[in-house]
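# Model the structure of this input:
(2 chains, ligands or ions: 2)
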Amino acid sequence: MTSNDKIYYREGIPVPETPAAENSPDFWKKTTIVGKALPRVDAYDRVSGTALFPSDILLPNMIYGVILRSPHPHARVKRIDIAEAQKMQGVRAIITGESAEAKGITWQYRDQQVPLFDPHCRFEGEVVAAVAADTWYQASDAARAIKVDYEILAFVADYEKALDEGAARVQDKGNLLNEETYERGDIKKGLAQADLVLEETYHTPCELHTPLELHGCVANWERDRLTIWESSQGVYAVQAKIAQALALPLSKIRVKGHYMGGGFGSKLSPGKYTVICSLLAKKTGRPVKLLLSREETYLCVGNRPATTMRLKAGIKKDGTLTALEFECSGPSGAYPAGGAQLVDWLARDLYQCDHVRTSSKDVLINAGPARPFRAPGHPQGAWALEQMIDALAAEIGMDPVELRLKNIPLRSQARAENPPYTTTGLRQCLEEGAKEFKWQATLKEIRNHNRKEGHRKRGIGVGACLWIAGGGGPPSTVILKMYKDGSINLNMGASDIGTGTKTVMAQVAAEELGVNPQVIQIEHADTATTQFATPSGGSKTVPTEAPTVRNAAISLKRALLAMAAEDLEVAMEELEYVGDEIVWSKDRTKKIKVTDVSRLNRRGEVIGVGYRGPNPADKVVNPFAAHFCEVEVNTLTGEIEILRFLGVHDSGRVMNRLTFDNQVYGGIVMGIGLGLTECRQLDESQTGKLCNKNWHDYKLPTALDVPQAMTSLAVELDDPECNNTGAKGLGEPVTIPTAAALANALYMATGVRFTRAPISPMAVTRELSKKKKG
Amino acid sequence: MLPTFSYVRPDKLEQAVKHLETERAAIHAGGTDLLGCLRERIMDTRLLVSISGIKELSGIKEIAGGGLRIGALTTISAIAENKLVRDKYPGLARGAAEVASPQLRNQGTLGGNLCQKPRCWYYRGEFHCLRKGGNRCFALKGENQFHAIFGHDNICVFSHPSDTAPVLVALGADVHVLGPSGKRTIAVADLHVLPADDVLADTVLKQAEIITHITIPAPARHLYTSYRKVRARRSWDFALAGAALALVMDGPRVARAKVVLSGCAPVPWPSIAAEQVLTGRNLTPEIMAKAARAAVAAAKPLAGNEYKVAMCRGMLEEELQKAGQGGSR
Ligand SMILES: Cc1cc2nc3c(=O)[nH]c(=O)nc-3n(C[C@H](O)[C@H](O)[C@H](O)COP(=O)(O)OP(=O)(O)OC[C@H]3O[C@@H](n4cnc5c(N)ncnc54)[C@H](O)[C@@H]3O)c2cc1C
Ligand code: SF4
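Ligands and ions are numbered 1, 2, ... in the order given. Next up is the predicted model:
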């Protein structure tokens, strides 16, 4: 991304600037610790259970909060009767919209402000009341005992009908939230230039975030100071939002993150529950723990919106793309949440094409608001675009890998001024991937196999992508402290959301300071003791924080050089930091061990501060990828077996081979969920309620649904311009082309274009029967 | 959150029966299904009577004549792994192995598996449907892609979740029950109740009756058994379509055929039509295809599960092909 890109993970939080980075070092040519497959610095704590997650927090006198939620997708609260609930054992506080504590307190759904307890409930799961009691069971029982009179209102649950005449209105101003268009070139001309034009409509389902740790927090007041332990991707985002809701000075809110059990975008910001928990804690004078149930998280704290996409594409016989016309629509839910955000980005920017027009419609329905979901918009867009590219290739008789190679741009066509990418490894991803996968040989083998009789057919598929962000950037501030014994404290505001951020940062500091990563202790994700960081999301944490850590190490080294200059009685500029020693460049026998530096020993510690410098002014930093897979389909039963998967990624420098491969495997698994198994099911025609709010009905892929043969290949291009580490983001591209690659493989196996995800055995049998009937 | 209930764990069968005569009491075996039902407030249970302390309810033994006696408390994984079961009725071992997930198989019991409640998502959700005493079936006009294509009579359209029941029906097994008025024996084929007969009952068991064990008749010579399950994901998922086969072979000829479908009806669904096609015939490709077609000829799919007809036919055809290749086993 460029510094001008507006990006979702900063939405709703004020982002300060950081001071300019001084003395930012040059790109590393060679590294010894960075890039190694080092196990995680916190692996032992995670595995042994000594790692404390917000869900584990247990404070003296702590009590429990539970929220009563609307069971209806659209209703107005007429009356709430808490008399009976209030008398129940263990109950210490009940808050409703009528309570003094809640008066005047509002919540922001993006740019829309609503009362915290809004009597107008626009989705199933909207908050109605809250209880705090001595035990979780007592609080739950009391919440159930609250009697609510609802006026039930007409609802709309099917986003494809949200704009129909007569559809129930989610909000007074109507159900069309936002319409955005983009155009370059002249689409008519582009279509006229084409030798072949194809058009198709594609659908992706609504996916539900399923991090292992539930959403929730513990809140505790010490007089006027509030401390919140929240399972969050960014403690500063929580602090800002709660300060705004409770009208408190930032200094009076301390948010601690530390360990957290996954978010995938749904924990970029806090929820109403965080405010409610704080209010309950205030009212009772006790620490309160409020964790949502899985059912609640499935209803209220986010989803990847469903999308309908129509794509019309023109191509010349030689494979030149001449036109892409892309229309999409998707639902934000009951409040603005970016229902169709970024869905068209790949159509705009992935392939060289002069004539492009896109339009996106964001609509309202009576369902929980969306939240960013790993690579917002992109897997959906890839589902359409990458299947279309495949179909075009088949029609003009070109290999699908070849066709993609033919249309690789070196500049971002969708951004103003068409800035070039610092690096684009898309070509390498496709070429090296095809080689590693044995694309050509497998193709022949499969053609032979499928010509034979038998009901098991095979196919291979490819999909490619870029990710709009992934360059990171300011702000970020990191402080490194070296003690006189050479051990180190690394202090950063960013959260490690399970991706291995801490490990990578320890490697960066160790690389520069010549220490063993083991002696580095990391303090992070605490608004009281660390510096501002944007939430960990958008595949930007490594490219944001790693250069900052490096700058902090340089600052620390400079301080040490100045001190050593006193001991060695030479000019500081003539000293070099080599391993754990400081050496005089004029006579290398004149040197001192860092831990022997006198002033360090007198002071006991020395500090280095690093700031994140800006990204290159007129260039774009994006990661690229290609996925390849092979499947076998049982045409009698519709069952699909994925035989193998290959993820090839250009994310610049590989900072840690283990965490890198982990992201790739995890992203593929998640993409398999989108392609084959996951789908939120609302009871659209009757009640509008969620049918599958548990782990059995909402089908995440299991270990048996993912292939044992998964391979991760890194295209490691030197990218000295992106930042001083050369690392680009990885966490999101890993799940973008996955589902589309599967659909393409399934086309080869069955001859059916599965335009609607997920491709379950149900869908396969349905489509194959249709095909048979003709 | 679970509702409030009392809990007893007697070690004598008779005591358990006594406790169960209390109003709103329920048997707690492995609890894998029951606790979920309580959490979803499907039934208003006040007393849980755990039978897990009653030793005589566990274990697998050979009985006179060569059949098996399986205690109701025997875990699903014990059945899947047991050598006697695997030797005599590989189809039952397969059925057990196809249940749920490893953790659930280690905890869940055979008695509980036969008596588990419907998995219809309306029934398990906050919908007061017909089977819970309400006045409508939400699945009939709603989201019914996982529902039944046989035997629902447009009353209550769930498909029975058990993977062991279809095999036991195919094998002609019996459940043995102890209740306040003594012992009785019921064919597994008669255990489950069709919606048309009583939409509120899952099984014919009466209040306070406990399944103590299951007996399976000795395998006939040249008995071939199998179980096949198609599902939306490969573990921890119920059948979209499945079939238990018990074929007594006489050379290439099928002397006796039992075909029981799962995932297709509110009870394990014997496919008489397929059995008739197969009985007395050689397992030729034509006969197999014909039997598979016959099995679904009378299907009554709902708006969302038309696919099950083709899936069920395809699955059965493939299973019969395997039987044909496996010959007499
Ligand atoms: C997520 C999930 C997935 C599953 N997937 C599958 C699947 O794919 N295939 C499948 O077949 N099953 C599946 N099951 C069901 C599982 O196999 C059953 O829950 C288990 O076998 C029940 O055994 P239990 O001992 O835990 O029964 P419990 O939960 O203790 O009891 C279940 C019911 O049976 C009654 N009961 C128990 N024992 C007796 C007895 N001896 N006599 C009379 N009544 C009794 C109880 O009162 C209760 O109503 C799944 C369950 C879950 C939770
Ligand atoms: S199928 Fe049966 S259990 Fe499901 S909603 Fe209808 S009546 Fe209830």
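# in its sheet, what does whichever strand in chain A runs longest sit against?
Looking across chain A with DSSP state E, the single longest strand is strand A:321-333. Strand A:321-333 has its sheet partners listed here by DSSP bridges as strand A:307-315 (antiparallel), strand A:355-364 (parallel).
# who are the neighbours in contact with the residue of the stretch 201-329 of chain B found nearest chain A?
Of all residues in the stretch 201-329 of chain B, B:Gly314 sits closest to chain A, at 3.2 Å by Cβ to the nearest Cβ. Placement of C-beta: from N, CA and C, glycine included. Going by Cβ atoms under 8 Å, 6 or more residues apart in numbering or on different chains, B:Gly314 touches A:455, A:634-638, A:765, B:292.
# Let's see that with 10 Å instead.
A:455, A:634-639, A:761, A:765, A:768-769, B:230, B:241, B:292, B:296 (Cβ atoms under 10 Å, 6 or more residues apart in numbering or on different chains).
# and it, that one's in a strand?
No. Counting by DSSP: H, G, I helix; E, B strand; the rest coil, B:Gly314 is not part of a strand but helix.
# Test my guess that B:Gly30 contacts B:Ser58.
No. Assessed by Cβ atoms under 10 Å, B:Gly30 is found out of contact with B:Ser58, at 11.3 Å.
# shared neighbours of the two, anything?
B:51-52, B:73, B:75, B:109-110.
# Where neighbours are concerned, which of these has the most?
B:Leu110 (32 neighbours; other Cβ atoms under 10 Å in any protein chain shown).
# Skip the chain neighbours and tell me the closest residue to that residue.
B:Thr74 (5.3 Å; Cβ to Cβ, 6 or more residues apart in numbering or on different chains).
# who touches that neighbour in this structure?
So B:Thr74 contacts B:57-60, B:82, B:85, B:96, B:109-111, B:213-214 (Cβ under 10 Å, 6+ apart).
# try 8 Å
B:58-60, B:109-110.
# returning to what we had before: Serialize the strands paired with strand A:321-333 to CSV and add fields for mean pLDDT and mean neighbour count.
Converted to CSV, the strands paired with strand A:321-333 look like this (pLDDT from 0 to 100; neighbours: other Cβ atoms under 10 Å in any protein chain shown):
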stretch, mean pLDDT, mean neighbour count
strand A:307-315, 98, 24
strand A:355-364, 98, 24
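# residues from chain A in reach of ligand 1?
A:His696 (Cβ under 6 Å from any ligand atom).
# which bits of the stretch 1-150 of chain B sit near ligand 1?
Residues of the stretch 1-150 of chain B lying near ligand 1 (Cβ under 6 Å from any ligand atom): B:26-34, B:36, B:72, B:76, B:99-100, B:104, B:107-109, B:111-113, B:115-116.
# ok so, going back, which member of the contacts of B:Gly314 is positioned nearest ligand 2?
Nearest to ligand 2 among the contacts of B:Gly314, counting by Cβ to the nearest ligand atom, is B:Ala241 at 17.3 Å.
# Tell me if I'm right that that closest one and B:Glu319 touch.
No. Using Cβ atoms under 8 Å, B:Ala241 is not in contact with B:Glu319, being 10.6 Å away.
# The two - which one has more neighbours?
B:Ala241 (31 against 22).
# buried stuff in whatever helix or strand A:Leu643 lives in?
When elements are assigned from DSSP states H and E, A:Leu643 belongs to strand A:640-650. Residues of strand A:640-650 classed as buried: A:640, A:642, A:644-650 (neighbour count, 16 or more other Cβ atoms under 10 Å in any protein chain shown).
# and what of stretch A:260-269?
A:260-269.
# Show me which pair in those residues is furthest apart.
A:Gly261 and A:Ser269 (16.9 Å; Cβ to Cβ).
# Show me the contacts of B:Gly314 that map onto strands.
A:634, B:230, B:241.
# which ones are touching the residue nearest the centre of chain A?
Nearest to the geometric centre of chain A sits A:Arg374, at 3.3 Å (Cα atoms, centre = their mean). Counting by Cβ under 8 Å, 6+ apart, A:Arg374 touches A:264-265, A:304, A:667, A:670, A:731-732, A:735.
# biggest separation within these, which pair?
Pairwise over the contacts of A:Arg374, using Cβ to Cβ, the maximum falls at A:Arg304 and A:Gly731, 15.1 Å.
# And the residue of the stretch 351-500 of chain A that's closest to ligand 1?
Closest point on the stretch 351-500 of chain A to ligand 1, by Cβ to the nearest ligand atom, is A:Gly368, at 23.4 Å.
# got it, and the stretch 1-150 of chain B?
B:Gly112 (2.0 Å).
# try the stretch 201-329 of chain B
Closest point on the stretch 201-329 of chain B to ligand 1, by Cβ to the nearest ligand atom, is B:Ile211, at 3.6 Å.
# now the helix or strand containing that residue: mean pLDDT?
For B:Ile211, the host element (DSSP H and E) is strand B:210-216. Averaging pLDDT along strand B:210-216 gives 98.
# likewise stretch A:54-63?
Stretch A:54-63 carries an average pLDDT of 98.
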